[in-house]
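In: quick one, structure for this:
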Amino acid sequence: MKFFAVLRTKTMVILLLASLLVRPPQSWAQQRTIEVNLQAIKGKLSPTFNACIGAGRANEGLRADWQQQLAQIKHDAGFRYIRMHGLLTDDMGLYRVDAQGKEHYNFQYIDVLYDYLLSIHVKPFVELGFMPSALASGDKTIFWWRGNVTPPRSYEQWGKLIEALTQHFTARYGAAEVSSWYFEVWNEPNLAGFWTGSQADYFQLYRYAASAIKRVDARYQVGGPATAGAAWIPEMITFCTQNQVPLDFVSTHTYGVEQGFLDEFGTTGTVLSKDEQAVSGDVQKNRLQIQQSARPTLALHYTEWSSSYTPADPTHDSYHQAAYILQKLKQVGNTAQSMSYWVFSDIFEEAGPRSEAFHGGFGLMNTQGIKKPAYFAYQYLNELFATELKSNDGQSLATTDGQGNLRLLLWDYTRTLPDGLNNQQYFIKDLPAKDKGNATIQVKGLRPGVYLATIAQVGYKRNDAYTAYIGMGSPAQLSKQQVTSLKAQATGKAQEQRKIRVNADGGLRLTLPLRENDVYLLKLQLAS
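Out: Predicted coordinates for the structure are as follows:
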């Protein structure tokens, strides 16, 4: 990529960025203009995007490669909390009953995991599930690692376990620290696969857990129902209000597909929704339900979201996903207090260990730590300044540090899935991006002087490890050399830097070539 600085008038500099690909002449007729003024402040940039990130299950967090990947993404994307399944499941060794019927609690594995999280400044968003088998009323399980999804045989013993766990957290980490955590009861109890009881049974489970947590410290934050499909929010609020049960936040999940259900291997096919308000529409609906309830100011946490709810959907690996993430987060804005992307890594074993290097896994990184295009959506968001500027454009975020510098993230989100095809048929192909013309950025309010302009891009064959992997023939297993090659093609680093001068009127005009689902991060840093 080349930068060309051209002096157009005494008070305006044009920065023209030449196309990365050969472009048909007629494409130049298309135009998108983004107008930004560094003096037009919108307010604080929404912190929703990196409030929380998901992970598969707690026991995976004891692995060295999982921990290394989390440390990397914490550094790059700044995630502050992490939520995962299976904290109470048998492979964490928390609970057993001996031959004499005496209960025993063992916190050693949880301590190793939580000590590590806090050492890298990631706080737990504690999901309380699934049921220890010694406390379970039945033997139905879910996933390869057999999370028990039945109600407790004794709600009193369930409450005692949660109280003991909360007391242990308090003793180990201190009440001030634990009061900054969130405790969420169970996962998707409105789906039979995750909960064999009724809604009333779940509310009983929640009541005992919430009361146990509050007995330890009334400041601790507890909520639910962690449902699939934005469900049960009014019912949850009504139950807790009428029965004086503690409720500090509500939580739920949403995904942007129109068909497919718990499809671990992608055999039935999922279809990316045509609804422009997919994902964000659910968030807005829940916010309205909260506002119309007896608890109109409750916090709303989306503790799972993504384009698709199957860990075998190649949309997750595709370059399209970066623009999709940015579009949905822009639409949500401050409507939710957190939007926890599901998940950060393909070290994820709900369907068992996967043999394919890229298999449509949920992660922002694959098992070998190769960064997918989706990774850079979060990295680039984290590189924005804290103050958002007003803009006339619905697919960009412009920010300033108040010192005359600008960071602008822009994207094109285009749903390209043809009618009659599902995600598993379409997104496994090499999919060249069609031209979308130009994006012209008109900046006002800059300080006069010399700026260092840098630009980074994600899109087709730009920080696009998955397309490069397809170009290798989509090998199930990768050699060391192939891993090294793919990592080198997906670093997120800027492609070009150039010094440009802004004259007395503080104006600048920048033009970028744009293709379907391109993402650009532009930085203007005052150098002198």
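In: could you give the mean pLDDT of the strand ranked longest in the chain?
Out: Looking across the chain with DSSP state E, the single longest strand is strand 31-44. Strand 31-44 carries an average pLDDT of 95.
In: tell me which residues of that strand come out buried.
Out: Across strand 31-44, burial judged by 16 or more other C-beta atoms under 10 Å covers 32, 34-38. All C-beta atoms are positioned from the backbone trio N, CA, C, and that covers glycine.
In: likewise for stretch 330-342?
Out: In stretch 330-342, counting by 16+ other C-beta under 10 Å, buried: 330-332, 335-342.
In: list the contacts of the closest residue to residue 461 other than its chain neighbours.
Out: Counting by C-beta to C-beta, 6 or more residues apart in numbering, residue 467 is the residue found nearest to residue 461 once chain neighbours are left out, at 5.6 Å. Residues in contact with residue 467 (C-beta atoms under 8 Å, 6 or more residues apart in numbering) are 319, 430-431, 460-461.
In: for residue 440, see how far away residue 467 is.
Out: According to C-beta to C-beta, to the nearest Å, residue 467 stands 27 Å off from residue 440.
In: ditto for residue 424
Out: For residue 424, the distance to residue 440 - C-beta to C-beta - is 38 Å.
In: do the same with residue 51
Out: 33 Å.
In: looking at those two, which is more packed in?
Out: Comparing residue 51 with residue 440 by other C-beta atoms under 10 Å, the one with more neighbours is residue 51, at 20 against 17.
In: show me the contacts for that one.
Out: 79-81, 337-340.
In: try residue 184
Out: 83, 125-128, 222-224, 226, 251, 301, 303.
In: of all these, which comes closest to residue 492?
Out: Distance to residue 492, by C-beta to C-beta, is smallest for residue 83 among the contacts of residue 184, at 24.6 Å.
In: for that closest one, give me the pLDDT.
Out: Residue 83 carries a pLDDT score of 98 in this model.
In: do a quick rundown of the helices in the chain.
Out: Listed in chain order, the helices of the chain (DSSP state H) span 64-77, 108-119, 155-173, 175-178, 199-216, 233-242, 280-291, 320-332, 373-382, 423-426, 465-471, 480-488.
In: residue 495: which of these is closest?
Out: Across those (criterion: C-beta to C-beta), the nearest stretch is helix 373-382, sitting at 12.5 Å.
In: any stretches of the stretch 51-200 of the chain with poor pLDDT?
Out: The model of the stretch 51-200 of the chain has no residue with pLDDT under 70.
In: residues touching the closest residue to residue 237 other than its chain neighbours, list them.
Out: Leaving aside its sequence neighbours, residue 237 sits nearest to residue 293 (C-beta to C-beta, 6+ apart; 4.5 Å). Listed by C-beta under 8 Å, 6+ apart, the contact set of residue 293 reads 234, 237-238, 241.
In: still on that earlier bit, from the contacts of residue 51, which ones fall inside strands?
Out: Members of those lying in strands (criterion: DSSP E): 81, 338-340.
In: which one of those sits closest to residue 47?
Out: Nearest member of the ones in strands among the contacts of residue 51 to residue 47, counting by C-beta to C-beta, is residue 338, at 8.7 Å.
In: backbone torsions only: list them for the nearest residue to the closest one once chain neighbours are set aside.
Out: Nearest non-adjacent residue to residue 338, counting by C-beta to C-beta, 6+ apart: residue 51, 3.6 Å away. With angles defined as degrees, to the nearest 10, residue 51 sits at phi -60, psi -40.
In: in this protein, what residue sits furthest out from the centroid?
Out: Centroid-distance maximum for the chain: residue 100 at 45.7 Å, with C-alpha atoms, centre = their mean.
In: that one and residue 164: what is the separation?
Out: Taking C-beta to C-beta, one finds residue 100 at 19 Å from residue 164.
In: buried only: go through the contacts of residue 293 for me.
Out: Among the contacts of residue 293, those classed as buried by 16+ other C-beta under 10 Å are residue 237.
In: which residues in the stretch 351-500 of the chain form strands?
Out: Using DSSP state E, counting those that start in this stretch, the strands of the stretch 351-500 of the chain run over residues 387-391, 396-400, 406-411, 435-444, 449-458, 496-502.
In: which of these sits closest to residue 380?
Out: Of all the strands of the stretch 351-500 of the chain, strand 406-411 sits nearest to residue 380, with 5.4 Å by C-beta to C-beta.
In: from memory residue 405 sits against residue 527, does it?
Out: No - checked against C-beta atoms under 8 Å, the pair residue 405 and residue 527 is beyond contact range at 10.1 Å.
In: more neighbours: which of the two?
Out: residue 405 (18 against 12).
In: tell me the confidence at that one?
Out: So residue 405 comes in at 96 (pLDDT).
In: taking the centroid of this protein, which residue is nearest it?
Out: Nearest residue to the geometric centre of the chain (C-alpha atoms, centre = their mean): residue 341, 2.3 Å.
In: from residue 511, how far out is the closest residue to residue 294 other than its chain neighbours?
Out: Take residue 294 and drop its neighbours on the chain: the residue closest to it by C-beta to C-beta, 6+ apart is residue 241, 4.5 Å away. Applying C-beta to C-beta, the value for residue 241 to residue 511 is 55 Å.
In: now do residue 505
Out: 19 Å.
In: more crowded one of those two?
Out: Set residue 505 next to residue 511 and count neighbours by other C-beta under 10 Å: residue 511 wins out with 19 against 14.
In: just grab the bridge partners of that one for me.
Out: As for beta bridges, residue 511 partners with residue 16, residue 440 under DSSP bridges.
In: that one touches residue 438, doesn't it?
Out: Yes - with contact defined as C-beta under 8 Å, residue 511 reaches residue 438; the gap is 5.3 Å.
In: related to what we said a few turns ago, now for the ones in strands among the contacts of residue 51: which two are most distant?
Out: Largest separation among the ones in strands among the contacts of residue 51 by C-beta to C-beta: 81 and 339, giving 11.5 Å.
In: picking up where we left off before, out of the strands of the stretch 351-500 of the chain, which gets nearest to residue 93?
Out: Per C-beta to C-beta, nearest to residue 93 of the strands of the stretch 351-500 of the chain: strand 449-458, 41.2 Å.
In: tell me, how many neighbours does the spatially closest residue to residue 298 that is not a sequence neighbour end up with?
Out: Excluding its sequence neighbours, the residue lying closest to residue 298 (C-beta to C-beta, 6+ apart) is residue 290, at 5.2 Å. Applying other C-beta under 10 Å, we find 20 residues neighbouring residue 290.
In: give me the contacts around the longest strand of the chain.
Out: 386-393, 396, 398, 400, 404, 406, 408, 410, 436-446, 506, 514.
In: one more pass at 7 Å, please.
Out: Applying C-beta atoms under 7 Å, 6 or more residues apart in numbering, the contact partners of strand 31-44 are 386-393, 396, 398, 400, 404, 406, 408, 410, 437-446, 514.
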